[in-house]
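S.K.: Next input, structure requested:
(4 chains)
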There are 4 protein chains.
Amino acid sequence: MQTNQQKIQVGIVGGTGYTGVELLRNLASHSMVEVKMITSRSEDGVAVADMYPNLRGIYDLQFSVPNIEALKTCDVVFFATPHGVAMSMAAELIAHGVKVIDLAADFRIEDLAVWEKWYGMAHTGADLMKNVVYGLPEYYRSSIKEAKIIANPGCYPTSILLGILPLLKAGLVEPSSIIADGKSGVSGAGKGANVAMLGAEMSESFKAYGVNGHRHQPEMVEKMHDITGTPVNVTFVPHLVPMVRGMESTIYATLKQDVSQEVIQELYEKAYASEPFVDVMPAGSLPETRMVKGSNMCRMAIYRPAGGDKVVITSVIDNLVKGAAGQAIQNMNIVFGLDERLGLNQVALLP
Amino acid sequence: MQTNQQKIQVGIVGGTGYTGVELLRNLASHSMVEVKMITSRSEDGVAVADMYPNLRGIYDLQFSVPNIEALKTCDVVFFATPHGVAMSMAAELIAHGVKVIDLAADFRIEDLAVWEKWYGMAHTGADLMKNVVYGLPEYYRSSIKEAKIIANPGCYPTSILLGILPLLKAGLVEPSSIIADGKSGVSGAGKGANVAMLGAEMSESFKAYGVNGHRHQPEMVEKMHDITGTPVNVTFVPHLVPMVRGMESTIYATLKQDVSQEVIQELYEKAYASEPFVDVMPAGSLPETRMVKGSNMCRMAIYRPAGGDKVVITSVIDNLVKGAAGQAIQNMNIVFGLDERLGLNQVALLP
Amino acid sequence: MQTNQQKIQVGIVGGTGYTGVELLRNLASHSMVEVKMITSRSEDGVAVADMYPNLRGIYDLQFSVPNIEALKTCDVVFFATPHGVAMSMAAELIAHGVKVIDLAADFRIEDLAVWEKWYGMAHTGADLMKNVVYGLPEYYRSSIKEAKIIANPGCYPTSILLGILPLLKAGLVEPSSIIADGKSGVSGAGKGANVAMLGAEMSESFKAYGVNGHRHQPEMVEKMHDITGTPVNVTFVPHLVPMVRGMESTIYATLKQDVSQEVIQELYEKAYASEPFVDVMPAGSLPETRMVKGSNMCRMAIYRPAGGDKVVITSVIDNLVKGAAGQAIQNMNIVFGLDERLGLNQVALLP
Amino acid sequence: MQTNQQKIQVGIVGGTGYTGVELLRNLASHSMVEVKMITSRSEDGVAVADMYPNLRGIYDLQFSVPNIEALKTCDVVFFATPHGVAMSMAAELIAHGVKVIDLAADFRIEDLAVWEKWYGMAHTGADLMKNVVYGLPEYYRSSIKEAKIIANPGCYPTSILLGILPLLKAGLVEPSSIIADGKSGVSGAGKGANVAMLGAEMSESFKAYGVNGHRHQPEMVEKMHDITGTPVNVTFVPHLVPMVRGMESTIYATLKQDVSQEVIQELYEKAYASEPFVDVMPAGSLPETRMVKGSNMCRMAIYRPAGGDKVVITSVIDNLVKGAAGQAIQNMNIVFGLDERLGLNQVALLP
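M.R.: Next comes the predicted model:
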């Protein structure tokens, strides 16, 4: 057992939301880290266990006003904030050798003009972008090891990129044919007071939203291009599911050639054979979001319906874990040379 | 006020399931019908209000063993049975002038070889098919008026056909490009004891099912062909939503030519201008299943994301009403020359 | 068919919340009323069907700024506002012969000192109280007929008073022994943006609230006293159920004497024999909230567990209908001498 | 790190239900045990990870037909079976020094006449009862250490006993005044195919059940008597909550004397000060079931509403963890002299 001095010192900026509590929940079982501080302007002095009683008896920690000097004493700082915050503090942190992992969107899109269009504000961190790596370990692991700033991916891009990339990389599907029909539980909308997310509004109902455009679309398009070297076209429609956690993406693509479902299955199994958090299920399986609830796993299955020219992938994650806090911890583990699975060994809660 | 003798005498075969109770719930407000008998072998003698306490004080009716002689005294018989039953009794009923409305699948597919492949049994009603009309009023109304047997459409085909047909009929989209991503509440699986449909299994989880093939796919393909005269190709993936009622379909198609969203919007508004149960919502709307809960409405919206070559339609119905019992009553109203809205004036329950 | 001039002209003040939309949903099927105006300061000019799309095609009505002169032209005005509003406008309305039905709490408690303590504001309508009748038709029907102002009961008091009063009136239970364990769906909390009522907060969880005191407790205590002439003591604990609609109350009382379950059952059946909206279910029944969803019914059952000295009543209502808008319409029907069931014939939505 | 030979060898009989998968989920993080076998007649040869995909990659174990010889090679055998099974196999197992922990009801009630009345079968294990200890660690810890057979408590008794016993032991409340209003998620009904537990039946509805008698009532009554030495009277009404996991009990008792809420709070805090899995929350707290979801904690709060003569306790557990599998593991840890918290360190999943 290490002493605390040897443990990685973690700071969390903006910890009152769902990604904040999820970082704490997962890190509670991480043997090599100590959460040193968690900030919130509005909740200064409040015990985290008072806001999140599932943490009673586990953390003896209070929210504090964010303080850059204090944060510099950490080894790594997670930003669980709205976008715009991380870009304002990252420079000073990395200058002091502090690793930055941003769970918001500040560094997710390399093309800052695109970023500014979709996020509706000026991007003030152009100089920082050279230090940024997109934190999808399955495709950027070696760069993540050296990164100073990690842009933790969006939840939809995580589930969709993991689902389609083996086919795209193999050149088996038309890059312009991709349709991604995404579905998310309501925790993805965060903890802000919002009439549309009231239990009386979202329960027992299902709807599409953002049909004419969602910020995660340019993110996934850019990364598909970056990873495969080929421009792609993605039609993406997100939907809201009346449940708290979980994300499913059904991805459709047109095959360029006649390739059997068995060959595609094998392609996927090989692609992810050594990945601790991607599970290619046996042919014929039907992934359910509850199979990954509370865990960092992505489970997926591949189909070629009726032997047609379409391939279909269904991919499930927990939007708050592999889609946010869990993936952030996985990235931290890579950066610090630890076993990627530390702090992420929770078995999905089923039923 | 009419006397009961003048009212349309209704029989329901197999009334213990969800479509049975929905027929009763809606017919309770229908001023021109009397439910004369409702059959169930297993529940013979049980009051319907004992099985469905929402009907206490409304129906003084007991389940009885199905009896063809008694059924012949009805004006119309609804079959709310598993498939295979209606085809065995319809000949005798229509020979006596009784109209048959089948809520199961016996008569939905004209190509009986296709039917037998998907339903796994011999079709014994080939002679009857000439008397059958597919009961989608918006596209077969004039034939329905003259039909002896009405094949009440499947829930997914209802929501998807209503959603895509204006574009297909106008020849604006590639008929081979259609992708339909459907989502249904769990009442669609019926009231049979089934571990996968337990509350502890389906709650707080989302999944695709039937990815490699679902019986509603050949049904919708045949009707698209029949209505437009053009063969089509549909990739259809159904999903299970953790809610009781409601169905949403997100339909994707590739435009053949550059046509503006405004033009498509106008096309849809015109197509359904006189339809009492199709509501084309204003551009930019986001239909939610709760907007039609308990009602016979289909509400839809049309999008052309990012001005690309894809058009997206989202269409919502209550799977038990417009997707089953409500549409059956609408068909009955047409057959008997009544106002189509009789018995179907319930406002959706929101919240 | 009457002309509109002959219909009762209805105004609704504060119609953007759930009781407002429920008034509209139910009144849509009421043959004798016309909704003339519905007010909202914040939504002035917005079509009600834009805020509540279940009403598309049903109401061609816009929210307007509340205007006392316009409201005076109505026959009846419903207040679906926060407490404090009705008491400020009622005097002028009743002076012009307009009936006032307040769905908020302004007039529910006769003892204004008690009211002020629980509602935390001064009561400015002391002069009005002589015109007020508590709108629980089953116990105040004859007074309601003559009332100028009707205090529509709270949802918990409705379900608990209907459940316990036959026993209390018959003097069979200790008046100091009453324990009422209430459970409500989340729509009871209204449509305000409130973090604790987010879907991600209330789903898949159950909790008590207001254990040390809830405003509905003094209301039910006062009415029990008023109706029976005997002071009572009620321990009341409300709970939040992860569902949208529905309220169940389990009421415990100590029998004064050994009286059989059969006698109690008969007492209840007689008490409510002629009530259109109270259903005493057969002995051994287990009322479920879905048996009344969307309807104005209260269903209940009575037990005497293990022949002990306790009697238990379980009573279910839809908190938005019999617990709010439906009961208000029932009261309106009584005031105007109409059949109480007009506008309230919806069959509960099950499943 | 121990080798497997040194680890406690665990057998699970009847592992296909929810308590079975919960034993596996929790034991996966237990450093000192190895699950050696898990039995199921019907699923012989099926991989547990095929039935419970949340266990994919975690257990390489198949269901096998139960075999008493094989079970004798274990150190401890958990029975996650219907009642009646453990009593037929326990004698032979304990004769070979195998500890038996029964998650069913076979050994929960010492008075076998009472047991037979409530469970409707003959009890064939009278000789075994001298070896049985009731597995509620907070009140039977020292006996559990020496027990050969542990009767793992029912879920309702766990939440209610923990909630009321400090008051009962202190003699502060009337032993005949106890009313326990319990609420359970649907996983408590198990994984059997059962129409009443279908998602379409139980969702969005709330109901009482078993009002006239539930098997957990005699169990809790006997243990209250055993622990306090005083006969008690408990009126117990269970309810079904539309959620998967979680149990809340609201317990009412009449104070014998005027004792302040502060004194009661202190009594509880002292009673459970050293308990790893009981959390007495600060005065004024409102325990929610989600605060313990997936964890072995019981959280509770105490109230004295309006300074009256009633005390109210609300107590929450996860019915599958502290109410079943977690408590069984806690008992195993005690029996084998391990840290009680091993395998039980999961933080509740919130949101």
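S.K.: Would you mind measuring from A:Ala208 to chain D?
M.R.: Going from A:Ala208 to chain D by C-beta to the nearest C-beta, to the nearest Å gives 22 Å. Glycine gets a C-beta too; all of them are placed from N, C-alpha and C.
S.K.: and what of A:Ile334?
M.R.: The value you get for A:Ile334 to chain D, if C-beta to the nearest C-beta is used, is 20 Å.
S.K.: Tell me if that residue really is in a strand.
M.R.: No: A:Ile334 is assigned helix when assessed by DSSP: H, G, I helix; E, B strand; the rest coil, not a strand.
S.K.: Neighbours of it, how many?
M.R.: Neighbour count of A:Ile334, defined by other C-beta atoms under 10 Å in any protein chain shown: 23.
S.K.: Backbone dihedrals for the nearest residue to it once chain neighbours are set aside, please?
M.R.: Spatially, and ignoring its direct neighbours in sequence, A:Ile334 is nearest to A:Ile144 (4.8 Å; C-beta to C-beta, 6 or more residues apart in numbering or on different chains). Taking degrees, to the nearest 10, you get phi -60, psi -40 for the backbone angles of A:Ile144.
S.K.: and A:Ile144, what pLDDT?
M.R.: Note for A:Ile144: predicted pLDDT of 98.
S.K.: which other helices and strands contact the top helix by length along chain A?
M.R.: Counting residues, the longest helix found in chain A (DSSP state H) is helix A:155-169. Identification of packing neighbours for helix A:155-169 by 3 or more C-beta pairs under 8 Å, 6 or more residues apart in numbering or on different chains; DSSP states H and E yields helix A:137-146, strand A:178-184, helix A:216-228, strand A:234-240, strand A:247-254, helix A:261-271, strand A:298-303, strand A:310-317.
S.K.: what mean pLDDT does it have?
M.R.: Here the average pLDDT along helix A:155-169 is 98.
S.K.: Next, count neighbours for A:Ser31.
M.R.: As a measure of burial, A:Ser31 has 11 neighbours, counting by other C-beta under 10 Å.
S.K.: Can I get the longest helix of chain A in CSV? Just the C-alpha atoms.
M.R.: This file holds the C-alpha atoms of helix A:155-169, laid out as CSV (Å, rounded to 0.1, in the frame of the first residue of the first chain):
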residue,chain,number,x,y,z
CYS,A,155,-21.0,10.4,-25.3
TYR,A,156,-22.6,10.0,-28.7
PRO,A,157,-19.2,10.1,-30.5
THR,A,158,-17.8,7.5,-28.2
SER,A,159,-20.6,5.0,-28.9
ILE,A,160,-20.7,5.8,-32.6
LEU,A,161,-16.9,5.9,-33.3
LEU,A,162,-16.3,2.7,-31.5
GLY,A,163,-19.2,1.1,-33.5
ILE,A,164,-18.3,2.2,-37.0
LEU,A,165,-14.5,2.7,-37.1
PRO,A,166,-13.5,-0.9,-37.8
LEU,A,167,-15.6,-1.0,-40.9
LEU,A,168,-14.5,2.5,-42.0
LYS,A,169,-10.9,1.7,-41.4
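S.K.: if we can go back for a sec, out of the helices and strands packed on helix A:155-169, which is closest to B:Gln217?
M.R.: strand A:310-317 (12.2 Å; C-beta to C-beta).
S.K.: could you give the mean pLDDT of that closest one?
M.R.: 98.
S.K.: For the closest residue to chain D within the stretch 1-150 of chain A, list the residues it contacts.
M.R.: Relative to chain D, the nearest point of the stretch 1-150 of chain A is A:Asn54 (3.6 Å; C-beta to the nearest C-beta). By C-beta atoms under 8 Å, 6 or more residues apart in numbering or on different chains, A:Asn54 lies in contact with A:Val21, A:Arg25, D:Arg290, D:Met291, D:Val292, D:Lys293, D:Ser295, D:Val347, D:Ala348, D:Leu349, D:Leu350.
S.K.: Could you report the pLDDT at the first one?
M.R.: In other words, A:Val21. Listed pLDDT for A:Val21 reads 96.
S.K.: okay, now it: neighbour count?
M.R.: Applying other C-beta under 10 Å, we find 25 residues neighbouring A:Val21.
S.K.: Helix or strand for it, just tell me which one.
M.R.: Per DSSP states H and E, A:Val21 falls inside helix A:18-27.
S.K.: which secondary structure elements does that helix contact?
M.R.: Short answer (3+ C-beta pairs under 8 Å, 6+ apart): helix A:18-27 packs on strand A:8-13, strand A:33-39, helix A:48-51, helix A:326-335.
S.K.: Quick one: closest of those to C:Gln217.
M.R.: Checking the helices and strands packed on helix A:18-27 against C:Gln217 by C-beta to C-beta gives helix A:48-51 as the closest, at 27.5 Å.
S.K.: The residue nearest to A:Ser205 when sequence neighbours are not counted: neighbouring residues, count only.
M.R.: Of all residues not flanking A:Ser205 in the chain, B:Arg290 sits nearest, at 3.7 Å (C-beta to C-beta, 6+ apart). Applying other C-beta under 10 Å, we find 27 residues neighbouring B:Arg290.
S.K.: and if you look at the one 10 residues further on?
M.R.: Residue crowding around B:Met300 was assessed by other C-beta under 10 Å; the count is 26.
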